[in-house]
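Peer 1: Prediction below, plus the sequence it came from.
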Amino acid sequence: MGDSEIMITIIDKRTGRGRRVFLRSDMGPEEVANQVRKVLGINRPLIFLAKKFDGREVQIANPDARTLWEIIQAGSQILVEPVEPLTPLEVTYDKAASEDNVYCGNAQTRSIRKVTTGDLWLDFDKDEEAKELMGLAAEPFTRNYVKEMFKIGVYWISNGYYDKAVETFKEVAQAVDWLTPMLAYIHSLSRYYYSYFVDAERPKLLSEAAKELDATYPCSGVAKSKFTALRALIYAELGDLYRTERLLKEGGNSSLVLRLAMAHVYRLRGLLGLAEQEVSYVLSQDKKNRDAVIEKALILREEGRYEEALSLLDKLLYGSPLFNPLNLISYFPQNTLAMLFRAETLELMGRNDEALSAYRQIDSTLYSPIVKSRVSRLSGSSRRTSV
């Protein structure tokens, strides 16, 4: 098609009316969306759908002009549906809701170090926090213990030992007089990650994390966006999407962690095109961000693009400068959450022997009732197949 202009008909789902839209064949997804919005006279985000012969509507994630043209040539109609965006609102948090045992200290002025590539959630001064917790230790003989245990907990969560991280931060919290915002945050982050590996305990684990974050949010200072994003993720996983979207609206959308949380929520709502737009923005700013890569892989998986999702997770887990000259994804072999989603994807693809091997690797890393159940199930299936 070259750079020639093409004309396509797009049906507005609100009215059922078809609108002619002129596009250059080299237009990217954002340019296409802007042109369609201009024709429809709106500025809201759009979901693109392909309506097939049998009447089924299939969502198209982030389409460019060439993709739309090929879908039409294959005999499908293009529909668009405007959705309500997560626009910022004025913060209305009730500070009176915080608990009495929360220690704010100098949280309002504490500086956050520059974001380290691939590490949005842990970008705070760990040494400074460890020293502060040391000063809050209930007993003199526990002070060095508290300091070292906090650092060990950060190591556990950074390297995917989420069960150990949860228990370590729990011990630290019991050994200090006051719950600091950063201790509540990092403990909640470890519980959020670990929640993917438990079953019956999941609601309790997430509810406790949400409660601590809600209590310490007024003291979170310059880390407010991280607190808001993590609270939103946890409430989303608890199924409270109304509260989740309220938190994201209050938080605004300038922070990368908030954009990442928005992608997660859009995916849970089934708005895969919008989810991909948000996560693509995060990755455009930080190509090595691990959580964004995982979220992108989950979006691809839900679109049925299993090979692409698996390839992305493999790059994250096993990529290195030797095998990945462009160094697009950092080498980080012990991201247990990515390992779990990789195993699940292999299982969806019917590659059960590989999935079993991946689950066993996770089982050797942390305690997980879910993983143990899947190892047992796939082991039984493997034995039956070999008989």
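Peer 2: That came through, no problem. Residues are numbered from 1 along each chain as shown.

Peer 1: Could you list the low-pLDDT ranges of the stretch 101-250 of the chain?
Peer 2: Applying pLDDT under 70 to the stretch 101-250 of the chain flags the ranges 105-120, 138.

Peer 1: quick one, helices of it?
Peer 2: 126-135, 143-158, 162-175, 181-194, 202-216, 224-237, 241-251 (DSSP state H, counting those that start in this stretch).

Peer 1: Adding distance to L316 and mean neighbour count, write the ones you listed out as JSON lines.
Peer 2: For every residue, glycine as well, the C-beta is placed using N, CA and C. Shown next, in JSON lines, are the helices of the stretch 101-250 of the chain (distance: least, C-beta to C-beta, whole Å; neighbours: other C-beta atoms under 10 Å):
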{"stretch": "helix 126-135", "distance to L316": "23", "mean neighbour count": "17"}
{"stretch": "helix 143-158", "distance to L316": "15", "mean neighbour count": "19"}
{"stretch": "helix 162-175", "distance to L316": "17", "mean neighbour count": "20"}
{"stretch": "helix 181-194", "distance to L316": "15", "mean neighbour count": "25"}
{"stretch": "helix 202-216", "distance to L316": "24", "mean neighbour count": "19"}
{"stretch": "helix 224-237", "distance to L316": "19", "mean neighbour count": "24"}
{"stretch": "helix 241-251", "distance to L316": "25", "mean neighbour count": "19"}
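
Peer 1: Nearest approach to D353 belongs to which of these?
Peer 2: helix 162-175 (26.0 Å; C-beta to C-beta).

Peer 1: Just the residues contacting the closest one, thanks.
Peer 2: Residues external to helix 162-175 that are found in contact with it (C-beta atoms under 8 Å, 6 or more residues apart in numbering): 133, 137-139, 142, 145-146, 149-150, 152-153, 156-157, 179, 183, 186-187, 190-191, 193-194, 197, 205, 336-337, 366-368.

Peer 1: what distance separates the start and the end of stretch 124-142?
Peer 2: End-to-end distance of stretch 124-142: 23 Å, with C-alpha to C-alpha, to the nearest Å as the criterion.

Peer 1: rewinding a little: compare the helices of the stretch 101-250 of the chain and report which one is nearest to A261.
Peer 2: Across those, closest to A261 is helix 224-237 (C-beta to C-beta), at 4.1 Å.

Peer 1: helices or strands next to the closest one in the packing?
Peer 2: Packing partners of helix 224-237 (3 or more C-beta pairs under 8 Å, 6 or more residues apart in numbering; DSSP states H and E): helix 181-194, helix 202-216, helix 241-251, helix 256-268.

Peer 1: just to revisit the earlier point, may I see the helices of the stretch 101-250 of the chain arranged in a markdown table, with distance to Q361 as well?
Peer 2: Output for those, formatted as a markdown table (distance: least, C-beta to C-beta, whole Å):
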| stretch | distance to Q361 |
| --- | --- |
| helix 126-135 | 28 |
| helix 143-158 | 17 |
| helix 162-175 | 15 |
| helix 181-194 | 17 |
| helix 202-216 | 22 |
| helix 224-237 | 24 |
| helix 241-251 | 32 |
